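Participant: I'll drop the sequence and a predicted model, then ask my questions.
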Amino acid sequence: MRQQKHWYDYLWIVTTIYLILGFFNILFAWIGILCFILPLLFALIGGNKHYCNHYCGRGQLFALLGNQLHLSAHRSIPSWIRSKWFRYGFLLFFLTMFGNMLFSTYLVFSEARGLKEVVTLFWTFKLPWEWTDVSIVSPWVAQFSFGFYSLMLTSALLGLITMALYKPRSWCVYCPMGTMTQGICQLRHKATKGTE
C-alpha cells in the first residue's frame, strides 16, 4: 500500500530552488538562515528531531536522488562517520567555519576590509562570483551572503558525495544541525527525567 504524501514531502523542491537561486543572485543565501533556526526551535520547543525527520528538504533531496534516480551505491555508512568523535568533531569544525564567516562579515561591516565577491567551496577553493549586482545592499549584507552560500553549497556537495558513496541520506548522520538538535533533545530528556 502506498504511503499518503503530505505537503512537507515536497520540501526538497524548496532546497533545490534555494541552491539554484544562489547562482543567479547571491543575496538569496539569506533565506538559508531558516535551515539553521527551524531545526533548533523544533528541538528546543518540542524536544524532538521532527524537523530532521519530516521537514528537511536537503535530506529529502538526497533520498530522492539516491533512491528514485538510483544515484546512490546504497553501501553501509562506515562506522567512523557514525562515530561520536567524527560527528562532534565535524560540528566543531563547521561552527568554527561559521564563526570565521561571521567575523569576515564583521570586518566588512566595520570597514576594516573590503567586500570579497567569492564563493569558497570546501573551505578552500575560491570561485569568483561577480555576476550578481550586490550594490543595492550594504557590503556586509553581501559578504554574509557569499559566506553563508559557501557553507550551504559546500555542505550540499558533501551530502551528494556521501550519498553517492554510501546510503542516500548519509549526510543526515553527520549533519551539524542534526548533531546539535540531537544534543538538545538529549539534554531536554535528561532534564525532564531529573525533575520526575
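Facilitator: Here it is on my side, so go on.

Participant: going forward, measure contacts and count neighbours with C-alpha atoms only.
Facilitator: Noted.

Participant: So the nearest residue to residue 65 once chain neighbours are set aside, which state does it fall into?
Facilitator: Distance criterion Cα to Cα, 6 or more residues apart in numbering; nearest residue to residue 65, sequence neighbours excluded, is residue 71 at 5.8 Å. Under DSSP: H, G, I helix; E, B strand; the rest coil, the three-state class of residue 71 is coil.

Participant: Determine the number of other residues adjacent to residue 71.
Facilitator: Residue 71 has 19 neighbours, counted by other Cα atoms under 10 Å.

Participant: Would you quantify the distance from it to residue 58?
Facilitator: According to Cα to Cα, to the nearest Å, residue 71 stands 15 Å off from residue 58.

Participant: Residue 165 now?
Facilitator: If you measure residue 165 against residue 58 using Cα to Cα, the figure is 17 Å.

Participant: The residue sitting nearest the centre point of the chain: what's its closest spatial neighbour, skipping adjacent residues?
Facilitator: The centre of the chain sits closest to residue 152, judged by Cα atoms, centre = their mean, with a distance of 5.2 Å. Among residues not flanking residue 152 along the chain, residue 32 sits closest, at 7.6 Å (Cα to Cα, 6+ apart).
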